[in-house]
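Visitor: the following comprises the amino acid sequence and a computationally predicted model.
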Amino acid sequence: MAKMNLLQAINNALDIAMAKHDNVYSFGEDTGAFGGVFRATSGLTEKYGRHRNFNTPLVEQGILGFANGLASQGSYAVAEIQFGDYIFPAFDQIVNESAKFRYRSGNEFNVGGLTIRTPYGGGIAGGHYHSQSPEAYFAHTPGLKIVMPRNPYMAKGLLLSAIFDKNPVLFMEPKRLYRASVGEVPEEEYTLELGKADLVKEGKDITVLAWGAQVEMAEKAAEMAAKDGIDCEVIDLVSLLPWDVDTVAESVRKTGRLIITQEAPITGGFASEVAATIQDQCFLYLESPIARVCGLDTPYPLSHEKEYFVDHLKVYEAIKASMTY
Amino acid sequence: MAKMNLLQAINNALDIAMAKHDNVYSFGEDTGAFGGVFRATSGLTEKYGRHRNFNTPLVEQGILGFANGLASQGSYAVAEIQFGDYIFPAFDQIVNESAKFRYRSGNEFNVGGLTIRTPYGGGIAGGHYHSQSPEAYFAHTPGLKIVMPRNPYMAKGLLLSAIFDKNPVLFMEPKRLYRASVGEVPEEEYTLELGKADLVKEGKDITVLAWGAQVEMAEKAAEMAAKDGIDCEVIDLVSLLPWDVDTVAESVRKTGRLIITQEAPITGGFASEVAATIQDQCFLYLESPIARVCGLDTPYPLSHEKEYFVDHLKVYEAIKASMTY
Amino acid sequence: MAKDKQHQLDIVTKPQFIDGSALKIPMLQLLAEDGTIRKGAELPEMDKELALKIFDTMQFIRILDERMIAAQRQGRISFYLSSLGEEAASIGSAAALTDGDMIMGQYREQGALAFRGFTVEQFMNQLFSNERDLGKGRQMPVHYGCADLNFMTIASPLATQIPQATGYAYGQKMDKTGNCTICYFGEGAASEGDFHAALNMAAVYKVPAIFFCRNNGYAISTPSQGEQYAGDGIAPRGVAYGMKTIRVDGNDVFAVYQATQLARKLAVEENEPVLIEGMSYRMAGHSTSDDPTGYRTRDEEDAWRAKDPVVRFQKWLQAQGWINEDEAQKNYDEKKAAVLAALKSAETVPVPHIDEIIEDVYDTPPPHLKQQLEALKAHIRKYPEAYPKTASRIDGGDK
Amino acid sequence: MAKDKQHQLDIVTKPQFIDGSALKIPMLQLLAEDGTIRKGAELPEMDKELALKIFDTMQFIRILDERMIAAQRQGRISFYLSSLGEEAASIGSAAALTDGDMIMGQYREQGALAFRGFTVEQFMNQLFSNERDLGKGRQMPVHYGCADLNFMTIASPLATQIPQATGYAYGQKMDKTGNCTICYFGEGAASEGDFHAALNMAAVYKVPAIFFCRNNGYAISTPSQGEQYAGDGIAPRGVAYGMKTIRVDGNDVFAVYQATQLARKLAVEENEPVLIEGMSYRMAGHSTSDDPTGYRTRDEEDAWRAKDPVVRFQKWLQAQGWINEDEAQKNYDEKKAAVLAALKSAETVPVPHIDEIIEDVYDTPPPHLKQQLEALKAHIRKYPEAYPKTASRIDGGDK
Ligand SMILES: Cc1ncc(C[n+]2csc(CCOP(=O)(O)OP(=O)(O)O)c2C)c(N)n1
Ligand SMILES: Cc1ncc(C[n+]2csc(CCOP(=O)(O)OP(=O)(O)O)c2C)c(N)n1
Ligand SMILES: [Mg+2]
Ligand SMILES: [Mg+2]
């Protein structure tokens, strides 16, 4: 075990993957010898050479096009998009290509070796274009997997799973926690199963569901609620596609109440998908409406970041409201 | 009044808009003198010249980039994307640019004059890439309006509203109905309000909600259900962003039951947003879980199109299941 | 002119705007339109066997295209897209490659696929979306693909395969396969951002890729010159990316063959990506959904008919004494019979079993897809007459 | 060489690959690095008033950049991005335009904005995201914009403004405004698909647009040569699109001014879009988040320091007798004082009222946004200490 922050855990997972297989490649804007603007890929060029960890020209659609081709050739392509906000020029390559590659060819070809890494989320004074949480834009896309770790331990195990998973995986890294989240991480290789939610804290009164950096807000809110005598069950969804309906539904059948919190704007967010599914599956168990605690339906405003941010206080208030419905 | 099919109604709306203002421009791939692959823009070059209705080079991101710039200059830019399936290369220009143009500039600049027209939907033997219903990909984007007409009358009135609306509007045309849907349409200019749902058929037992071409399936299913003595209220949502929560909620408070049907895959679709919101707003009125009748979570398969298609039978079965819950 | 150190640039002191006229790219032609060898031209080596295989493939594709357009008109298939007039471009280039080289096409390269050995049955199974289609009937007609033949499955979104070719070739280079990737696309698709990304990245990474632009004058109804681009076609862009570039007469199978052969050498031996622009003409409509009389003249079409690549090559073969009219006709008739037979047979093969609807979304179907399939099957069982193609076999053991 | 009718192409019979060496684009330089006029060069007309306004703006931008980097280090603003070394490119080009011409920048063109008349207070209000910011404090520092000055609001996504410039210029042409649009972007951004779309469309539509590429050698840490592109920079691409193109020394304000002046004439009078590539160097880090010692050498930076555009221009001005060292220093000190004063004052202005959070998403806030605002305000009222910047004024009448 070693103490690592989330960035180090990711760097370590990349290192292990590249050591394990010669045909794991890591690339993106500024990810070469410089190691990326967040330094997630630092040291990799030194260790594996400039043909395995390298800079790309500044073109996200090209990064994903290249990555799709490389993965279809049988390699493991780990592409970094510098900020989640800049993934949209690659939207077509991801949604129309990566996601449909295997299906459309009848499994003659596939891009299972593809992993897309990108930092996402707010709370770092990034304004409109360095704060977005675009996961829901991708979650409507059969063929993709989407994973969002909340801490270093999960990041390493999930990233190793993602890289070697036989399907294209979008791996979204909570950049607010890159350095802020520190924890014990095994130094050797290990994997964590994709598609499984993680029970963060057991409780009996109400279920609070989150993913990525937002789990921290759920936990903090649960602590506040505990002082009011409310026993929250906190679940980290971990994977958004496919997502672990059973774990969430089972918890809600037990607690009878559900709060879902996400950073992204509420309308059309992934919280809506969870709410729609759970109201269906747990209809007879629900004691109050499923509440979504989410970003406003506006772009991410710099000067009102604190107000916009879905903090623990907002989640806490929603817990109380649900309990007293 | 004149009999028009949906294409003619759209062509007529474009004609009226271009006659009304000199700075209404219509453009897209093959939309020039040829009139577009569906002929929605036919006759416009003849009437308004090749500088007002014209072909673009084959580049969707360029079409939208150009359109954003033209709209920001104060013109009305009506851009056609040949198929909804090919809108994704323009995703960045729409989601990061059109939608945020006014907000990010503090209203110094805006692209309110932008309208994006695109045919969408399945049932025409189009396979993966001529059948998609991508509305939900855009519905998570504050700043956009999204409108989907179901018939010629609505298409004309809504398109005229969209073109002159002060916000960027994504106008999605049900291509399955381009020629199939025929109706009486006033020949003069008229507009229909954006953001308002339309009550297609009153009923008291259950609410069936749809938009675009799918409204036809809701109506047919309602007819079948009527024979079983089930009185359906059928609502056309018309606008997805912003959407008319009140009309839907009011109906569900009356009927106690809601079916939402969409062509797109179920996970992360717009039906999920409606279900999440309505279970919250109508919690105490619901007599059965809100049911979503949607596409499978797969790409759109050609040879199983009939099976994949969300037809009236599937909606009808869902109505019965909800009534007997 | 002095040199600027940092940029190694020549320095001038008078402002001068440079435009397309600074870079005129000529067109390689070896076989003249009348089937004779151009003065000064030297044909690349091509033995009789290869020459006849090329011609054979050309004939086959002509027949296939013709029959399937007819089949579409008869309502037997939903859609077809012909390569009439462009056979030399795809077949001549494919002939210059080895079987291990990857082919990534746009959709008008049935010639390259046939040259690789895709059988008439395989073509038909795809065109009829039946259960024997390698693509499991999921895509529209002409979206062929075959891993065994290193022919990447065609997909409708334009230009997406171009940066993918760069990535694929990167993998080939790193794996030291000794192979290259050829990527075909139209001059229309070259307007897409993906084209720009692809060629620039290929030049930077020095990958063994051949980018073959079929410039056939149209993108559906949009003429290339002046409406798709204002410059001298696509070739100058290769030069701008610092990539070796050549323009050929796309209707001259020898020019295509020679350029591709040399390009392959540059790609595989020197990791130099190459751009080839083949000038040709789309003789038919864009597809069966299109009627070109709406946007071009008969005269223009006739002018190009005189440049027919198959006729031209046949003349040369006959002059060579490698084939005569009767033999050519006999081959034609045989192939036509084979096409008709395969068509009839493929048409009766059922669509894939309904269970296939959820396969290949992921490597194995996750629980939610299995549930969705079960629900769908229950529904089909309830209304078998509404889903006739799959209902009868839904519970059969023939999956 | 024969001509092919359809394509007007020269025909050759020997295969020859063409590469970047076929098109070498020189660099226009009028003012040598030592501030003297190059032999053979003729300076464009520039009166004393304009020359001093340009120099003034250069000085101001230097001070602004320097002070704001310091302010960021002190934690007074969150982010800053300097244009050190590239002042001649943005100011020299802006000086060649009229006030009615639209400017669309990337983010390193504060010089052009200052030249247009953006006041030091306006700069500061944006940098401190306060309620006087024209952009209502919504975007990160340096994302300036001003409709009155025809300076489009900067946005972070790279290259998106390039096709927008094509569209904007199309509108100008159709409205017969007699104006053009200038669009700035880096050589890194020129790799994006949007660049390709923009220039090709501009050439096809013949719009009055000037595309000004600031080639400053880096995109964050990525060096241009060999990692961003393999060709001869960005200029050859203009030629490939059939667009008039010129390359200038971006550190020579006269070369920039002259090229832009001529480009404007082509754009406005002949509807000829123009590509200008200005060769320069990003002297500072990419932004305050960046430390360039990780990817480049001191030596390289020093070599470029010798080409400083401001020093060079000052030397010329002094030789001209239009300014002397003392005057320059005095101006400098005055500007510095003004910058410091504006900084101090802007820093104390509050952020926009919380009601602004839902404004401008649409032209008027729809009901769901009003509800979301009300809920947010109720929440802030409950926890005022958690939202100190807005809580105190939440119910004040000062919106
Ligand atoms: C991204 C995308 N946009 C639009 C289309 C619709 N479309 C199909 S083919 C075509 C024209 C292509 O022209 P070109 O690339 O020149 O190839 P050609 O058909 O001439 O062989 C268009 C616009 C598409 N398939 N994909
Ligand atoms: C679409 C997009 N991708 C990535 C980024 C992150 N980014 C910001 S600036 C930059 C480098 C830009 O380099 P260049 O265009 O050369 O301009 P310069 O900074 O050198 O002036 C990058 C990669 C972005 N802002 N937008
Ligand atoms: Mg073409
Ligand atoms: Mg740069």
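Guide: In hand now; what should we look at? All values reported here derive from a predicted model rather than from experimental measurement. Numbers count the residues shown, from 1 in each chain, chains lettered A, B, ... in the order given. Ligands and ions are numbered 1, 2, ... in the order given.
Visitor: contacts and neighbour counts: CA atoms only from here.
Guide: Fine.
Visitor: can you pull out the helices in chain C?
Guide: C:48-73, C:87-94, C:110-116, C:120-127, C:161-174, C:193-205, C:235-240, C:253-270, C:298-305, C:309-320, C:325-347, C:367-382, C:388-391 (DSSP state H).
Visitor: what do you get for chain A?
Guide: For chain A, applying DSSP H gives helices covering A:6-20, A:44-48, A:60-72, A:91-92, A:101-104, A:135-138, A:152-164, A:214-227, A:245-255, A:270-281, A:305-308, A:312-323.
Visitor: nearest to ligand 2, out of those helices?
Guide: helix A:60-72 (6.8 Å; Cα to the nearest ligand atom).
Visitor: lowest confidence element among the helices and strands of chain C?
Guide: strand C:3-4 (a mean of 55; mean pLDDT, DSSP states H and E).
Visitor: which stretches of chain A have low pLDDT?
Guide: When residues are selected by pLDDT under 70, none of them lie in chain A.
Visitor: show me what from it comes close to ligand 2.
Guide: A:Tyr86 (Cα under 6 Å from any ligand atom).
Visitor: I figured C:Pro157 hits B:Gly84, correct?
Guide: No: the criterion here is Cα atoms under 8 Å, and C:Pro157 misses it with B:Gly84 at 11.2 Å.
Visitor: and the closest residue in space to A:His130 that isn't next to it in sequence, how many neighbours does it have?
Guide: In this structure, A:His130 finds its nearest non-sequential neighbour in A:Asp85, 6.1 Å apart by Cα to Cα, 6 or more residues apart in numbering or on different chains. A:Asp85 sits with 23 neighbouring residues when counted by other Cα atoms under 10 Å in any protein chain shown.
Visitor: again with A:Ala213
Guide: That count, for A:Ala213 with other Cα under 10 Å as the rule, works out to 25.
Visitor: how about the stretch 51-200 of chain C: which residue is closest to chain D?
Guide: Nearest residue of the stretch 51-200 of chain C to chain D, counting by Cα to the nearest Cα: C:Gly193, 3.7 Å away.
Visitor: my guess is that residue contacts B:Val59. True?
Guide: Yes: judged on Cα under 8 Å, C:Gly193 makes contact with B:Val59 at a distance of 6.9 Å.
Visitor: return the residues of chain A in contact with ligand 1.
Guide: Counting by Cα under 6 Å from any ligand atom, no residue of chain A sits close to ligand 1.
Visitor: give me the nearest residue to A:Phe83, chain neighbours excluded.
Guide: Closest to A:Phe83 by Cα to Cα, 6+ apart is A:Pro119, at 5.3 Å.
Visitor: count residues in the vicinity of that neighbour, would you?
Guide: Residues near A:Pro119, counting by other Cα under 10 Å: 24.
Visitor: got it, and C:Ile63?
Guide: So C:Ile63, with other Cα under 10 Å, has 20 neighbours.
Visitor: how near is it to chain A?
Guide: The gap separating C:Ile63 from chain A is 26 Å, by Cα to the nearest Cα, to the nearest Å.
Visitor: wait, that residue sits on C:Ala337?
Guide: No: if you go by Cα under 8 Å, C:Ile63 and C:Ala337 don't touch, sitting 9.7 Å apart.
Visitor: before we move on, the earlier item: most tightly packed of the helices of chain A?
Guide: helix A:60-72 (a mean of 31; mean count of other Cα atoms under 10 Å in any protein chain shown).
Visitor: does that helix reach chain B?
Guide: No: Helix A:60-72 stays clear of chain B (Cα under 8 Å from any Cα of the partner chain), getting no nearer than 8.5 Å.
Visitor: which strands or helices does that helix pack on?
Guide: With contacts taken as 3 or more Cα pairs under 8 Å, 6 or more residues apart in numbering or on different chains; DSSP states H and E, helix A:60-72 sits against strand A:76-80, strand A:114-120, helix C:161-174, helix C:193-205.
Visitor: related to what we said a few turns ago, contacting residues around the residue nearest to A:His130?
Guide: A:Tyr120, A:Tyr129, A:His130, A:Ser131, A:Gln132, A:Ser133, A:Pro134 (Cα atoms under 8 Å, 6 or more residues apart in numbering or on different chains).
Visitor: which of the residues you listed fall within strands?
Guide: Counting by DSSP state E, the members of the contacts of A:Asp85 that fall within strands are A:Tyr120.
Visitor: if any of the contacts of A:Asp85 are buried, give me the PyMOL selection for them.
Guide: Those of the contacts of A:Asp85 that count as buried under 16 or more other Cα atoms under 10 Å in any protein chain shown are selected in PyMOL with:
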select buried, chain A and resi 120+129+130+131+132+133+134
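Visitor: closest point of the stretch 51-200 of chain A to ligand 2, which residue?
Guide: For the stretch 51-200 of chain A, Cα to the nearest ligand atom, closest residue to ligand 2: A:Tyr86, 4.7 Å.
Visitor: quick revisit: could you dump the helices and strands packed on helix A:60-72 into JSON lines and include distance to A:Ile230?
Guide: What follows is the helices and strands packed on helix A:60-72, written out as JSON lines (distance: least, Cα to Cα, whole Å):
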{"stretch": "strand A:76-80", "distance to A:Ile230": "41"}
{"stretch": "strand A:114-120", "distance to A:Ile230": "31"}
{"stretch": "helix C:161-174", "distance to A:Ile230": "53"}
{"stretch": "helix C:193-205", "distance to A:Ile230": "54"}
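Visitor: what about the residue nearest to A:Phe83, distance to B:Gly183?
Guide: 50 Å (Cα to Cα, to the nearest Å).
Visitor: tell me the centre residue of the chain?
Guide: With no chain named, the answer covers chain A. Among the residues of chain A, the one closest to the centroid is A:Met148, at 1.8 Å (Cα atoms, centre = their mean).
Visitor: oops, wrong one, chain C.
Guide: By Cα atoms, centre = their mean, chain C has its centre lying nearest to C:Glu109, at 2.6 Å.
Visitor: can you pull the contacts of the spatially closest residue to it that is not a sequence neighbour?
Guide: In space, and not counting its chain neighbours, C:Glu109 is closest to C:Ser90: 5.5 Å by Cα to Cα, 6+ apart. Contacts for C:Ser90 were tallied using Cα under 8 Å, 6+ apart; they are C:Glu109, C:Gln110, C:Gly111, C:Ala112.
Visitor: isn't the residue nearest to A:Phe83 right up against A:Leu177?
Guide: No: under the criterion of Cα under 8 Å, A:Pro119 is not in contact with A:Leu177, lying 10.0 Å apart.
Visitor: contacting residues around residue 60?
Guide: I'll assume chain A. Here A:Glu60 is in contact with A:Ile81, A:Tyr86, A:Ile87, A:Pro89, A:Ala90, D:Glu192 (Cα under 8 Å, 6+ apart).
Visitor: try chain C instead
Guide: Listed by Cα under 8 Å, 6+ apart, the contact set of C:Phe60 reads C:Tyr332, C:Lys335, C:Lys336.
Visitor: please pick the buried ones from those residues.
Guide: Buried among the contacts of C:Phe60 by 16+ other Cα under 10 Å: C:Tyr332, C:Lys335, C:Lys336.
Visitor: can you pull the residues of the stretch 201-350 of chain C lying near chain B?
Guide: C:Ala219, C:Ile220, C:Ser221, C:Thr222, C:Glu227, C:Gln228, C:Tyr229, C:Asp290, C:Gly294, C:Tyr295.
Visitor: what does the stretch 1-150 of chain C give?
Guide: So the stretch 1-150 of chain C meets chain B at C:Ser78, C:Ser129, C:Asn130, C:Gly137, C:Arg138, C:Gln139, C:Met140 (Cα under 8 Å from any Cα).
Visitor: same question, the stretch 51-200 of chain A
Guide: Residues of the stretch 51-200 of chain A lying near chain B (Cα under 8 Å from any Cα): A:88-92, A:95-96, A:100, A:103-104, A:128, A:136-143.
Visitor: try it again at 6 Å.
Guide: Counting by Cα under 6 Å from any Cα of the partner chain, the stretch 51-200 of chain A comes close to chain B at A:Phe88, A:Pro89, A:Phe91, A:Asp92, A:Tyr137, A:Ala139, A:His140, A:Pro142.
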